[in-house]
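Visitor: Coordinates for the following, if possible.
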Amino acid sequence: DTFIMQQFMLDQGVTDVDEATLRAVHLSPYVAAIDTGAMSIMVSFSSWGGMKMHAQKYLLTDVLKGELDFKGFLVADWQGIDQIPGDYCSDIITSINAGLDMIMVPYDYDAFINGLTKAVNNGDVPLERIDDAVRRILTVKFQLGLFDRPFADESLLPLVRSDKHRE
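Guide: Model (predicted):
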């Protein structure tokens, strides 16, 4: 149904501009966020130059991590890698090699784990890329104190879904 497809595509921004325009219009918020200490960036469902953002190695690795010196981690949007053309294993390889550090896998995480393990064992994803992703994720967790305070304060549990929270 065309109407349903049009509604679905509302969050699928397609940017069809040259790189200079892309940088002039869209890069400054990332520069500001990184300069003020952003620790993670979620990659959107958008596309540039006909390529889904989850596959954009140039923008994710070369620009964000390289040129802008982003030290945090890049996280995929919900099932975002599934929009990369190809089968699921190639989606995993493409997205990890593009620079995504954490993938949102809402359902069949066994397929993701097995696919990534196979890709690393076959040499399709370098172990150095995995090491980089793990380093980035753990660094942020340490910076947030998640290893010093690994558990939430259970005394606050009665507030969850309370009337006060719903106000």
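Visitor: quick one, phi/psi of residue 125?
Guide: Per-residue torsions, residue 125: phi -120, psi 120 (degrees, to the nearest 10).
Visitor: Contact partners for it?
Guide: Applying CB atoms under 8 Å, 6 or more residues apart in numbering, one finds that residue 125 lies in contact with 92-93, 96-97, 116, 119. Using the backbone N, CA and C atoms, a C-beta is placed for each residue, glycine as well.
Visitor: Do a quick rundown of the helices in the chain.
Guide: In the chain, the helices defined using DSSP state H lie at 2-8, 19-22, 28-35, 57, 88-98, 109-121, 127-143, 163-166.
Visitor: and the contacts of residue 125 as CSV, adding distance to residue 26?
Guide: Supplementary listing: the contacts of residue 125 in CSV, determined by distance: CB to CB, whole Å:
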residue, distance to residue 26
92, 27
93, 26
96, 24
97, 23
116, 29
119, 30
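Visitor: Pick out whichever of those sits closest to residue 39.
Guide: For residue 39, the closest of the contacts of residue 125 turns out to be residue 96, at 19.6 Å, with distances computed as CB to CB.
Visitor: What is the burial count for that closest one?
Guide: The number of residues packed around residue 96, counting by other CB atoms under 10 Å, is 24.
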